[in-house]
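Q: heads up, no residue letters with this:
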């Protein structure tokens with residue numbers, strides 16, 4: 001019995017160390033990039049009306065927590081510039097200061113920290129449990145909440161490529177069943193990015 005318990009404890013320690021090594025490698029690989037540009041697709045699914053909307057565009061990321069998503073459709077745009085959040089969907093425009101809005105602060109944190117591989121920060125702001133698994137090509141990081149909450153996401157799933165440690169997929173699922181699925185590809189790391197890309201009107 002003691003031998004079994006020792007083996008189980010040893011296995012848990014090994015798994016914990018391996019998970020930490022994976023997290024460290026993902027974070028270090030993405031921390032070196034001050035400017036990032038990549039293509040994205042977004043699948044928005046609404047359960048109530050059973051509708052799925054497909055969108056695409058270019059994502060830009062700049063040091064000091066600046067991120068913007070330029071959609072192919074000119075009616076959609078999202079920008080995070082330090083403490084400011086701006087989102088345009090059709091004729092609807094949302095402007096908010098992140099310090100005063102928990103929902104947009106969490107969304108902003110998820111988008112930016114997932115790109116940089118800051119998994120501990122995501123776990124902290126979502127107040128969730130974290131598990132890391134893998135297959136032949138990807139590391140899969142899942143954040144889940146056991147207790148249902150009024151706001152926030154029930155599950156967040158991030159997928160990183162094993163070869164380059166780049167974020168290739170992010171799924172944000174709400175308690176209602178609605179979800180957003182982002183897929184990222186064609187990464188570039190330019191020497192600079194214009195502040196105009198992150199301008200909030």
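A: Received the coordinates, thanks. The shown structure was predicted, so the numbers you read here are calculated from the model rather than taken from an experiment. Numbering: from 1, shown residues only.

Q: so residue 27 belongs to a strand, correct?
A: No: read with DSSP: H, G, I helix; E, B strand; the rest coil, residue 27 is helix and lies in no strand.

Q: please, where are all the strands along the protein?
A: Listed in chain order, the strands of the chain (DSSP state E) span residues 35-46, 51-62, 66-71, 76-81, 84-89, 92-97, 129-134, 138-144, 155-161, 167-173, 179-188.

Q: now do the fifth one: which elements does it pack against?
A: To tie it back to what came earlier, the one meant is strand 84-89. Other helices and strands packing on strand 84-89, by 3 or more Cβ pairs under 8 Å, 6 or more residues apart in numbering; DSSP states H and E, are strand 76-81, strand 92-97, helix 102-116. For the C-beta atoms, the positions are set from N, CA and C on the backbone; glycine is no exception.

Q: equivalent analysis for the third one, please.
A: If you count contacts as 3+ Cβ pairs under 8 Å, 6+ apart, strand 66-71 packs onto strand 51-62, strand 76-81, helix 102-116.

Q: hmm, residue 104 is touching residue 86, no?
A: No: taking Cβ atoms under 8 Å as the definition, residue 104 is not a contact partner of residue 86, at 9.7 Å.

Q: what residues are shared contacts of those two?
A: residue 94 (Cβ atoms under 8 Å, 6 or more residues apart in numbering).

Q: could you export the helices and strands packed on strand 84-89 as JSON lines, including distance to residue 65, mean neighbour count and mean pLDDT?
A: Converted to JSON lines, those look like this (distance: least, Cβ to Cβ, whole Å; neighbours: other Cβ atoms under 10 Å; pLDDT from 0 to 100):
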{"stretch": "strand 76-81", "distance to residue 65": "7", "mean neighbour count": "20", "mean pLDDT": "94"}
{"stretch": "strand 92-97", "distance to residue 65": "14", "mean neighbour count": "12", "mean pLDDT": "92"}
{"stretch": "helix 102-116", "distance to residue 65": "5", "mean neighbour count": "19", "mean pLDDT": "93"}
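
Q: turn the ones you listed into TSV, including distance to residue 129.
A: Formatted as TSV, these follow (distance: least, Cβ to Cβ, whole Å):
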stretch	distance to residue 129
strand 76-81	26
strand 92-97	28
helix 102-116	16
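
Q: about what we covered before: which one of the helices and strands packed on strand 66-71 lies closest to residue 169?
A: helix 102-116 (10.0 Å; Cβ to Cβ).

Q: report all helices and strands that that closest one contacts.
A: helix 2-31, strand 66-71, strand 76-81, strand 84-89, helix 119-126, strand 167-173.

Q: cutoff 6 Å now
A: If you count contacts as 3 or more Cβ pairs under 6 Å, 6 or more residues apart in numbering; DSSP states H and E, helix 102-116 packs onto helix 119-126, strand 167-173.
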